[in-house]
Structure formats: structure tokens, C-alpha cells
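Asker: Next input, structure requested:
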Amino acid sequence: MDKRIQCGREIPTAPFPADLAVAIEPLHARAYPVSVGVQRVMGIETEYGISVPGHPNMNAMMLSSQVVNAYAQSVSAERRYRTRWDYDEETPLRDARGFDMSRADADPSQLTDDDLGLANVILTNGARLYVDHAHPEYSSPEVTTPRDAVLWDAAGMRVMARAAALAAQAPGGNSINLYKNNTDNKGASYGTHENYLMRRSTVFTDIVRAMTPFFISRQVVCGAGRVGIGQEGKTAGFQISQRADYFEVEVGLETTLKRPIINTRDEPHADPEKYRRLHVIVGDANLAEVSTYLKIGTTSLVLSLVEDGVFDFDLMPDRPVEQMHRVSHDPSLEYTMRLADGRTITAVQMQIEFCERVSKHVRDQGIDDQATLEVIDRWESVLSALETDPMSLATELDWVAKLALLEGYRERDGLSWDSPRLALVDLQYSDVRPDKGLAQLLMARGSLTRLTTDAEVDAAITYAPEDTRAWFRGECLRRYGDSVAAASWDSIIFDLPGNDVLQRVPMMEPLRGTRAHVGPLLEACESATELVKALNA
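Answerer: Reported below is the predicted structural model:
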């Protein structure tokens, strides 16, 4: 029988007796709730800006393919594998409001389950590196804590830097620059998306009611800063968020057109009867580790209020999309939003409301794990500084660090906000090259706080988080790479010698397949054949 992977689909696969979680239950796997305090299954997807110096009109899709392929070839040479992405279980047009958009009505950018033949590689750290239309994208492995989200996101930036360098070394290669940002200031924006696993039983309208005001206000904590106002940046000035101006509707399925504050894609990459995945598209690409840490940590905590049914206060702004833009346009933080009920409030005050409610809920639940308490402490500290002296946070938050740099140039050289030099500084802040990127240079000299170490980030390039199914995915690639035909977030497909059909191992429980869960099994199996036999036993 034909075992080839064609267009990302396996033909055919053998029925597997059970999900990974069930098949190896005797290895003392324990069940987890979907979230405990700040901890939940989470991840970050980042599209990187791309350019070739002196050649502004080069095909971005071709350049992105060169970058990803260069890294894929390097990995293949080291590990002797080239695993394909498995698109079979993806449902990008399923809407959380209870319907499926037709493929005929969808924009082509929404059809992420189509294999377009673009570069695509799965890494031993559990991440996915691929071409998303005109940009190289790094999708981090599943993690369970905000600090781990920071760590594997930082590993992704180093992967991208190496990939660009490898592409430049190829015969006929170009000097390609990559930027961890969200706009080219010519009207185009590319995403940094977050993903949070939630209980399926959570009412989606409650998510909209809670998260809309939270996302509008949280940019004062995790905005990346931007020179220029408006989608094309034509109005002179500085704003807090790179993404805010590109949002046009309150709720919707799209991610590249008519961008919504609340995205309704219902594609859990896990057991759909138990889980939903909140796909967040409003965030900026952060380089400051504190900004990333708080972005992920505070969002997870507010989601816990919604899941536990204790979000009992209303902060919905009147005209939410307009308020999102206006908050971003005011780095003085003085802008006052009008709420739907007539009250007025600043974005910082709104964040303080959320923080106080989260802190009370954590106390009421008796949650005392260190990860949760540290996020709340940092959140409170940052909000206090934003109230009294925002510029004191230049060592912690991206938009403040960038603004401090830009104001230094403005004062020294007498530059106005429409100076092209300031736009170049903005761009250079996000350069992924360690010796060129201004954010990385600030980190290197201790002027931008780090939460990780170089050694940890280097290890995260190769190894997956140990406490999610990413560990099983990464270790199977690392140990049995030549036998892994394809993989996705929720399954691995093995091509075994002597078998007429491919063997799919489902992984519908993201908190199974951890090192504690399957480590002894993998240690006992020298080959993929032995592993699949053990799982079938």
C-alpha cells in the first residue's frame, strides 16, 4: 500500500487502539485540570518581518522559503530527518459561535489546512518553523508557565537568526534581515498570536465580555511601541502598540482582514469535547522578556476568572475598536475611555481593576504556587509605576524602552517624530541579529531585564518543555527522526519498516506525553518499531 505523504496527508494510516494518554496509562500519568492559577497549556506564534538590504521588491515568500529551508537542511543533516506537517485534523474555518465558514467565502489566508508546498519543519524542541504566506513563522511548543513561554519564544528568535545566517551562506544566497515586529509601516501587518487552552464548558460570550476590555487595556503593559500613527504610519508620532491600528471589528474569524479583537477560531488541537483554544491575535511581538511574561501570565489569570465563573464586573468600553486605537495613540497614558455604562476610566486604571480581581480570586481559591504569585507581584509593580512614572519602566517594558531610546535621539539631534531616522531606530530595535538588534544590545549591557539565561535559551533550541506533550513530539523526532513521517500538534505518524500502512499515535491530551509520563518508555525503546509495539500492547 502507498505510504507516501502527499500534500501533507498520509495515505493510509492504521487505526490505533487508543490515544497516547490511554495507551500508556500504566506509566502513572495523572490527570490535570486545564488550569491552576497562572498555569495552563499555552503557546506563542510569531511571524517575522523580512527584507533584503538594497532590494525592497524581492519576493517575500521566496525569501521566507530560503530562510526556513536553510534551517531545515541544517537540522536534517544533523538529525537525518525531514518530517512533514500533518494537516488532516485542522479546522481553521470552524467558528466558536457555532458554525463553519464555507471555504468559498473564506479568504485564502484563512485556509491554513491547505498544504501549499511551502517550507515547513518540525523541530526537536517541539516547535514548528514554516512559511506562513509571506513570512517565516516560529510556533513555539506547548508550555505551562509564563516563564517557559518566554524561554521557548526567545529560543525561536535565535532559531530565526541562525536560519537567516544559513540562508545567506547558501550559493547565490542573499543577506536577509529578519525583524521581530508587526508592521512594515506601509500598511501591512503580520501577527504574533497567543494560544490558551480552556475548558470547553466556558461560555464564549463570557470570554468576549471579559477579554475585550482586558485586551484593549493590556497594551499599556505589553505593547511593543511604534513610530507612526495609522496603518501606514503616515501621521507623525509614537504609539504604544504596533498592532492596535490594524483592528477593525470586535469579534470575528478572520486574522488578516477585518481583524477582530476577539478571534472566534474553534480549533483546539486537543479533545474538542473537553477543550477550546482561545486564539489571541491582538498582541505585539515583544522582545522585552518582562513584557512577554506579563502578556502571557496576566491573560492566563484573567481567563481563570472567566472559567471559574467569577467574572462579575463590567468594563466593556463604548465603541471598543475606537478605544483600542486611542489607547495606543496616547503614550502619556492620560486618555480616558468611556464605558458602555457611562463611566470613564484610563487603560491603567482598567488594568488595576483586573489585577485586583485576579489577586482576590487567587486568595479566595487558596492558590499559593510561586509562579502565580510572582506574576501578580510583577503585574502590581508595573501598574504602580505606570501610574506614577512610566519612564521608570524603560528596563522592563518594550514600548517604554523604545520610547526612551527615541527620545534620546530626538533630544540629541533635534529630530521631529516624522524623521526617517527614528523609523530606522524603531526597525533596528527588533532586528534578530544579536550584534545589531537594539533590544538585544540593551539586554547584553543589562539595560533591559532578562528572565532567562543564555544557557537556558540555547538548551530550549534543542529540547522541548518536559511537562507537556511537546516533550513526546520532540523526543520522537530526536530519537527516531528517520521513522517519523509526519506530525502535528495532536498526533505523530510513524513510517515503520515492513509495515504497509503508517501508524498514527494520537495525542489529544496536551498534558500527557510529558517526560514524567513517557520518559521510561522512550528510554526502554531503541527504535520507533519498539515504541509503537509497546503502545499497541
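Asker: What are the boundaries of the strands in the stretch 351-500 of the chain?
Answerer: Listed in chain order, the strands of the stretch 351-500 of the chain (DSSP state E, counting those that start in this stretch) span 484-488, 491-494.
Asker: Out of those, flag the one nearest residue 146.
Answerer: strand 484-488 (24.9 Å; Cβ to Cβ). Glycine gets a C-beta too; all of them are placed from N, C-alpha and C.
Asker: could you pull out the strands for the stretch 101-250 of the chain?
Answerer: Using DSSP E, counting those that start in this stretch, the strands found in the stretch 101-250 of the chain span residues 120-122, 128-132, 135-139, 177-179, 192-199, 226-229, 235-239, 247-252.
Asker: Generate CSV for these, with mean neighbour count, distance to residue 71 and mean pLDDT as supplementary columns.
Answerer: Below are the strands of the stretch 101-250 of the chain laid out as CSV (neighbours: other Cβ atoms under 10 Å; distance: least, Cβ to Cβ, whole Å; pLDDT from 0 to 100):
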stretch, mean neighbour count, distance to residue 71, mean pLDDT
strand 120-122, 25, 7, 90
strand 128-132, 22, 6, 93
strand 135-139, 25, 9, 97
strand 177-179, 23, 11, 97
strand 192-199, 21, 20, 96
strand 226-229, 23, 28, 98
strand 235-239, 17, 33, 97
strand 247-252, 17, 32, 94
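Asker: so which of those gets nearest residue 332?
Answerer: For the strands of the stretch 101-250 of the chain, proximity to residue 332 was assessed by Cβ to Cβ; strand 235-239 is nearest, at 10.5 Å.
Asker: May I have the strands that pair with the closest one, each with its orientation?
Answerer: When pairing is defined by DSSP bridges, strand 235-239 lines up against strand 226-229 (antiparallel).
Asker: Centre of the chain to the partner strand, how far?
Answerer: How far strand 226-229 lies from its chain's middle: 23 Å, per Cα atoms, centre = their mean, to the nearest Å.
Asker: do stretch 243-250 as well
Answerer: Relative to its chain's centre, stretch 243-250 lies at 18 Å (Cα atoms, centre = their mean).
Asker: Also stretch 420-438?
Answerer: In this view, stretch 420-438 has its centroid 22 Å away from the chain centroid, taken as Cα atoms, centre = their mean.
Asker: what sits up against it?
Answerer: Contacts to stretch 420-438, defined as Cβ atoms under 8 Å, 6 or more residues apart in numbering, come from residues 48-49, 157, 160-161, 164, 177-181, 185, 224-228, 233, 285, 287, 402, 405-406, 409-410, 413, 415, 439-441, 444.
Asker: Quick one: buried ones out of these?
Answerer: Among these, those buried by neighbour count (16 or more other Cβ atoms under 10 Å) are 48-49, 157, 160-161, 164, 177-181, 185, 224-228, 233, 285, 287, 402, 405-406, 410, 415, 439-441.
Asker: Next one: the residue nearest to residue 220 when sequence neighbours are not counted from residue 216, what distance?
Answerer: For residue 220, ignoring the flanking residues on the chain, the nearest one in space by Cβ to Cβ, 6 or more residues apart in numbering is residue 347 at 4.8 Å. Using Cβ to Cβ, to the nearest Å, residue 347 is found at 7 Å from residue 216.
Asker: Find the residues that touch each one of these two.
Answerer: Here residue 347 and residue 216 have 327, 337 as joint contacts, going by Cβ under 8 Å, 6+ apart.
Asker: circling back: for the residue nearest to residue 220, the count of nearby residues, please.
Answerer: 28 (other Cβ atoms under 10 Å).
Asker: got a pLDDT number for it?
Answerer: Note for residue 347: predicted pLDDT of 98.
Asker: Next: residue 87.
Answerer: Reported pLDDT at residue 87 in the predicted model: 65.
Asker: shaky segments in the stretch 51-200 of the chain?
Answerer: Counting by pLDDT under 70, the stretch 51-200 of the chain contains low-confidence residues at 76-82, 87-95, 98-117.
Asker: Please repeat the previous calculation with a cut-off of 50.
Answerer: Low-confidence segments of the stretch 51-200 of the chain (pLDDT under 50): 111, 113.
Asker: how many other residues sit next to the closest residue to residue 39 other than its chain neighbours?
Answerer: Leaving aside its sequence neighbours, residue 39 sits nearest to residue 144 (Cβ to Cβ, 6+ apart; 5.0 Å). A count of neighbours around residue 144, defined by other Cβ under 10 Å, yields 25.
Asker: next one: the one 3 residues further on
Answerer: Using other Cβ under 10 Å as the criterion, residue 147 is surrounded by 20 other residues.
Asker: Next up, phi/psi of the nearest residue to it once chain neighbours are set aside, please.
Answerer: Closest residue to residue 147 apart from its sequence neighbours, by Cβ to Cβ, 6+ apart: residue 451 at 6.1 Å. When read as degrees, to the nearest 10, the backbone of residue 451 gives phi -110, psi -10.
Asker: Quick one, grab the pLDDT at residue 451.
Answerer: On pLDDT, residue 451 comes in at 98.
Asker: Residue 291 is in contact with that one, correct?
Answerer: No - with contact defined as Cβ atoms under 8 Å, residue 451 and residue 291 do not form a contacting pair (10.5 Å).
Asker: Comparing those two, which residue is more hemmed in?
Answerer: residue 291 (29 against 17).
Asker: so who does that one touch?
Answerer: 221, 222, 223, 224, 396, 397, 398.
Asker: now, among the residues you listed, which is nearest to residue 73?
Answerer: Checking those against residue 73 with Cβ to Cβ, the nearest one is residue 224 at 31.5 Å.
Asker: who's in contact with that closest one?
Answerer: Residue 224 sits next to 181-182, 241-242, 284-287, 291, 398-399, 402, 430 when contact means Cβ under 8 Å, 6+ apart.
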